[in-house]
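In: Here's a sequence, model it:
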Amino acid sequence: NRLLIFGSTSSGGILHGDNGEIYPKTISLTTVLLYDIKDKDDPELIKSLDIEGDYLTSRKIDSRVYFIVNSKPQFKENDLVEDIIPFYREASIAGGQERFNSIVGCGEVGYFEPLNTENIINIISLSMENPEDINKKVVAGNGDNIYMSLENLYIAETDKGNTNVHKFSLEEGEISYLGDMEVPGKVLNQFSMDEHNTYFRIATTIGDFGSNNVYIYDSELNQVGKLENLAKGERIYSARFMGNKGYLVTFRRIDPLFVIDLSSPRFPKVLGELKIPGYSDYLHPYDENHIIGIGKDTSENSFGGVSIRGVKLALFDVSDVNSPKQLHQEIIGGRGTDSEVLRDHKAFLFDKDRNLLVLPIYFPGADYYEEGVFQGAYVYELTIYGGFDLLGKVEHQDIRRNLYIENILYTISENKIQLNSLINLDKIKELLI
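Out: Okay, here's the model as predicted:
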């Protein structure tokens, strides 16, 4: 009976501090709103937070939510140190709205080495059951890629071609810094990191098209295993760790899918490899023996290079780890066809129990330079034996999210929520936002 919403607002030009100070400047804010929704017709706002900066990501563990906001300090001549620390305020039913103040005191701000003062990371935990239970950790440093397990948070930042990974423990909302390690190469995204049985696994690429590697660290951040020099001259396009196995897709001219055995953390090894045209930007588990890949189709051109073509869906069979296979594929459109899933995995909807797969598609037609012919969602039935069966299309521009409740499909863009029947995909109604 609780609903938590993240949004973006601004300070409106003037900030009022707790001690009567007035700050004549506009700052961007991440706004967090917690509602009691026992009465669905009349939800009640019970807590709000405003944090200076841009929302990065969030995770929910039991009734507690952890979220990260990146702030860019605005340095000016004669600024007080306190003015550089991100602004913060709370509001609740019981206490009303506080005025803006520094999120923490100066002595409470930590930093990553080497020191980088261009960005501040705000790590905040909020109990949805007890909204007055809030914990904050503020660190000077960068961190665009985040991985969180049930016990730990990992923040990865790239420095001079390598990746520094910082580890925090999460215990009943308390956030504690545990240490860091330097990993050779650059990490692609959150799916290139994982924690399993206390071991941390990370996949990186050295250089733009150098070598690809997997490194394994114990709970004390000591490297215990590594697998290096995979697919030299290529780079990682997608990665996924699932229990004792890891899956990597690299690409430059052809798409190798590597199946990696991680059952022995000290001795990881490649079990199998599949080379097919195209590449996958995102890997999603179908079940323990099958993986869905979403990316682009490719072909050789007349100049001896590679041409990028339509959006490619693939279903891989990895039950025989030594000989992975592509069971089915679906190519959507040609050159210029695009999907938000290639950049944001949260735009992808898949439910194995319903055999339902939905993804947003932008299809420009026969030529890249023509006006877009279709924008909306492609709705598929996906089964191991039947592959990708297109059930129909839903027209809706710039879809960012897809979800369903019972037999209704909701497609969501920046300015509209649209409802379509999952029985026949007929449009039911839309809500402008």
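
In: Do you have the helices of this structure handy? List them.
Out: Remark: helices assigned in the chain by DSSP state H are 81-84.

In: just for it, where's the confidence low?
Out: For the chain, the stretches with pLDDT under 70 are 12-25, 75-83, 94-98, 116-117, 252-255, 302-304, 365-372.

In: Mind doing that once more with 50?
Out: Within the chain, the set of residues satisfying pLDDT under 50 comprises 368-371.

In: Next up, the contacts around Pro73.
Out: Residues in contact with Pro73 (CB atoms under 8 Å, 6 or more residues apart in numbering) are Ile84, Ile85, Pro86, Thr117, Glu118, Asn119, Ile120. For glycine as for every other residue, the C-beta is placed from the backbone atoms N, C-alpha and C.

In: mind listing which of those are in strands?
Out: Ile120 (DSSP state E).

In: What's the ChimeraX syntax to select whichever of the contacts of Pro73 are buried?
Out: A single ChimeraX command selects the buried members of the contacts of Pro73 (16 or more other CB atoms under 10 Å):
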select :84,85,86,119,120
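
In: Next, format the contacts of Pro73 as a markdown table and append distance to Phe251.
Out: Output for these, formatted as a markdown table (distance: CB to CB, whole Å):
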| residue | distance to Phe251 |
| --- | --- |
| Ile84 | 42 |
| Ile85 | 43 |
| Pro86 | 39 |
| Thr117 | 37 |
| Glu118 | 32 |
| Asn119 | 30 |
| Ile120 | 35 |
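
In: Closest one to His196 out of the contacts of Pro73, please.
Out: Closest to His196 out of the contacts of Pro73 is Asn119 (29.7 Å), distances taken as CB to CB.

In: From His396, how far off is the nearest residue to the closest one once chain neighbours are set aside?
Out: Nearest residue to Asn119, sequence neighbours excluded (CB to CB, 6 or more residues apart in numbering): Asn142, at 5.0 Å. Using CB to CB, to the nearest Å, one gets 35 Å for the distance from Asn142 to His396.

In: What of Pro277?
Out: 31 Å.

In: on that earlier part again, which pair of the contacts of Pro73 spans the longest distance?
Out: Top of the distance list for those (CB to CB): Ile85 and Glu118, 14.3 Å.

In: okay, now Thr158: neighbour count?
Out: Residues lying near Thr158 (other CB atoms under 10 Å) number 17.

In: Bridging across strands, which residues link to it?
Out: Thr163 (DSSP bridges).

In: wait, it sits on Gly185?
Out: No. Judged on CB atoms under 8 Å, Thr158 makes no contact with Gly185 at a distance of 9.2 Å.

In: Give the buried residues for stretch 259-266.
Out: Neighbour-count burial for stretch 259-266 flags Val259, Ile260, Asp261, Leu262, Pro265 (criterion: 16+ other CB under 10 Å).

In: And stretch 211-228, by the same measure?
Out: Neighbour-count burial for stretch 211-228 flags Ser211, Asn212, Asn213, Val214, Tyr215, Ile216, Tyr217, Val224, Gly225, Leu227 (criterion: 16+ other CB under 10 Å).

In: what pairs with the residue nearest to Leu153 when sequence neighbours are not counted across the strands?
Out: Closest residue to Leu153 apart from its sequence neighbours, by CB to CB, 6+ apart: Phe168 at 4.3 Å. With DSSP bridges as the criterion, Phe168 is bridged to Leu153, Tyr177.

In: and what of Ile5?
Out: Under the criterion used (DSSP bridges), Ile5 bridges to Leu33.

In: burial measure for it, as a count.
Out: Neighbourhood size, Ile5 [other CB under 10 Å]: 11.

In: Quick check: it touching Val32?
Out: Yes. Between Ile5 and Val32 there is a contact under CB under 8 Å: 7.3 Å.

In: Now Asp194: closest residue in space that isn't a chain neighbour?
Out: Distance criterion CB to CB, 6+ apart; nearest residue to Asp194, sequence neighbours excluded, is Phe241 at 3.5 Å.

In: Tell me how far the one you found lies from Val32.
Out: 30 Å.

In: ok, back up a step: tell me how many other residues crowd the residue nearest to Asp194.
Out: 23.

In: how close does it sit to Glu228?
Out: Noted for Phe241: a distance of 17 Å to Glu228, by CB to CB.

In: List the contacts of Lys312.
Out: Gly278, Ser280, Gly293, Ile294, Gly295, Lys296, Asp297, Gln329, Glu330, Ile331, Ile332.

In: Any figure for the gap between the last one and Leu170?
Out: When you say that, I think you mean Ile332. Distance of Ile332 to Leu170, computed by CB to CB: 40 Å.

In: and if you look at Ala140?
Out: 21 Å.

In: As CSV, the buried residues of stretch 259-266 with distance to Phe251 would be great.
Out: Output for the buried residues of stretch 259-266, formatted as CSV (distance: CB to CB, whole Å):
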residue, distance to Phe251
Val259, 16
Ile260, 17
Asp261, 22
Leu262, 22
Pro265, 27
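
In: Just the closest of the residues you listed to Ile361, please.
Out: Using CB to CB, Val259 comes nearest to Ile361 of the buried residues of stretch 259-266, at 28.9 Å.

In: ok, that closest one to Thr31 distance?
Out: Val259 is 43 Å from Thr31, by CB to CB.

In: rewinding a little: can you redo the contacts of Lys312 as CSV with neighbour count and distance to Val109?
Out: Shown next, in CSV, are the contacts of Lys312 (neighbours: other CB atoms under 10 Å; distance: CB to CB, whole Å):
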residue, neighbour count, distance to Val109
Gly278, 25, 46
Ser280, 27, 40
Gly293, 26, 42
Ile294, 23, 40
Gly295, 24, 41
Lys296, 23, 43
Asp297, 25, 48
Gln329, 17, 50
Glu330, 19, 50
Ile331, 16, 51
Ile332, 20, 48
